[in-house]
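In: Coordinates only, no sequence provided:
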């Protein structure tokens, strides 16, 4: 395959095409644009830790890998038009192995590279990363590994291997083969657990704060009601005094008049 702009190259055909997009230059609505295309598309997590120069440790420019999948074969020219919308490099690649490319989105088979999490792959218009990247044999066994890690709260890769050996011997070959993947899953599980624990703590604190606010509000209402009742009672007593005063004055006047007659 050639990547120049010759007529022959532009007329190359394929169902699967891959390119790069950069977070700092692609349009804000890039996801919506991809959805509107109707194509099934897989987009990698942001590769922001890839090393360009091992000697200096210089990092590559943050980027995403994009795999666009057509229902039928399409020309390089047409695929190029699609990728041009996202302001990435002009060079695109015809993908010969969709599974290999899907796995590369997270460096699944490249332990020497920084590993990214499969759950961070963006699936557009029904694209299924697991279905494309994992074989039929791998899918259920990988899920069993995930369940095993969660159930036994595995802390390390060695612990996982020993657990497979003792509890799930059939998973041992899968775990032994997917070294980096298993390590990343274990790490991400504990990251999730820590975040979840913090979330629960924050939620409980918010609930306690809400209860304190409700209690304070209720106490304020009760004080206001008591104050209102006290004011009402004082007003009632005052009204009774005012009402009774003419009667007292009349009685006093009658006694005075009676004294004069006597």
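Out: All right, it came through fine. Quick caveat: nothing in here was measured; it's all calculated off a predicted structure.

In: Please look at residue 35 and residue 126 and confirm they touch.
Out: No: counting by C-beta atoms under 8 Å, residue 35 stays clear of residue 126, with 10.5 Å between them. In this view, the C-beta of every residue, glycine as well, is placed from N, C-alpha and C.

In: Give me the more crowded residue out of the two.
Out: Neighbours were counted for residue 35 and for residue 126 using other C-beta atoms under 10 Å; residue 35 has more, 13 against 9.

In: check which helix or strand covers the more buried one.
Out: For residue 35, the element it lies in under DSSP states H and E is helix 30-37.

In: which residues sit against that helix?
Out: Residues from elsewhere that reach helix 30-37 (C-beta atoms under 8 Å, 6 or more residues apart in numbering): 21, 27, 41, 43, 68, 82, 85-86, 122, 124-125.

In: which ones among those are found in helices?
Out: Cross-referencing the contacts of helix 30-37 against helices under DSSP state H gives residue 82.

In: Throw together a ChimeraX command that grabs the buried residues out of the contacts of helix 30-37.
Out: In ChimeraX syntax, the buried subset of the contacts of helix 30-37 is picked out as below (16 or more other C-beta atoms under 10 Å):
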select :21,41,43,68,82,86,122,124
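
In: For residue 132, which non-adjacent residue is closest in space?
Out: Residue nearest to residue 132 in three dimensions, not counting chain neighbours: residue 102, with 4.3 Å by C-beta to C-beta, 6 or more residues apart in numbering.

In: all helices for the stretch 101-250 of the chain, in order.
Out: Ranges of helices within the stretch 101-250 of the chain are 129-133, 138-152, 157-167, 172-177, 179-261, based on DSSP state H, counting those that start in this stretch.

In: Pick the most deeply packed of these.
Out: Comparing those by mean neighbour count (mean count of other C-beta atoms under 10 Å), helix 129-133 comes out on top with a mean of 19.

In: as a whole number, average confidence for it?
Out: Mean pLDDT, helix 129-133: 90.

In: Great, nothing more from me.
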